[in-house]
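1. This is the structure alone, sequence omitted:
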C-alpha cells in the first residue's frame with residue numbers, strides 16, 4: 001500500500017517525537033537510583049577524568065606576553081588594540097590549560 005505524503009509526514013513526526021521522549025528518559029535514568037541534576041544545578045563532584053569547564057582550570061603552560069601576540073599578529077596580518085592584547089595575554093594560560101592537560105596529563 002502506498003502512503004501519501006501527508007500520511008508519511010504524520011507518521012515520521014510521531015516517530016521523531018517518540019524517539020526524543022525515549023532519549024530524554026534514557027538520559028535521566030541513572031543506574032544508582034539517584035535523580036538526575038536539574039537544569040541550572042551544579043553536580044557536587046565531576047566524574048574522574050572529566051576535563052574542567054573552559055576557562056576554569058589552573059593556569060598551565062608558558063607565560064605569554066602582549067608582545068607575543070603583537071608579533072603573532074604581524075605574521076597573520078592582524079592588528080590588536082590594547083584592551084584585546086591585555087585580555088588575550090592575561091587569559092592565555094587559563095584557557096589553554098585543558099589542552100595542555102590532554103596532551104601531557106594532569
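-> Right, received. Where do you want to start? For clarity, every value in this text was computed on a predicted model and none was experimentally measured.

2. CA atoms for contacts and neighbours, from now on please.
-> Will do.

3. What segments of the chain are helices?
-> 5-28, 66-76, 82-104 (DSSP state H).

4. so which of the ones you listed gets nearest residue 57?
-> In terms of C-alpha to C-alpha, the element of these nearest to residue 57 is helix 82-104, at 5.9 Å.

5. how about that closest one: buried residues?
-> 85, 88, 89, 92, 93, 94, 95, 96, 97, 98 (16 or more other C-alpha atoms under 10 Å).

6. Now for these: which two are most distant?
-> Every pair of the buried residues of helix 82-104 checked by C-alpha to C-alpha; the farthest is 85 and 98, at 21.4 Å.

7. mind giving me the domain split of the chain?
-> 1-36, 53-106 (automatic domain parsing).

8. Now mean pLDDT too, for those, in CSV please.
-> Compiled in CSV, the domains of the chain are given as follows (pLDDT from 0 to 100):
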stretch, mean pLDDT
domain 1-36, 69
domain 53-106, 83
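
9. Any figure for the gap between residue 16 and residue 8?
-> Going from residue 16 to residue 8 by C-alpha to C-alpha, to the nearest Å gives 12 Å.

10. one step back: got a markdown table for the buried residues of helix 82-104, with distance to residue 73 too?
-> Formatted as a markdown table, those follow (distance: C-alpha to C-alpha, whole Å):
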| residue | distance to residue 73 |
| --- | --- |
| 85 | 10 |
| 88 | 12 |
| 89 | 13 |
| 92 | 15 |
| 93 | 18 |
| 94 | 21 |
| 95 | 19 |
| 96 | 18 |
| 97 | 22 |
| 98 | 24 |
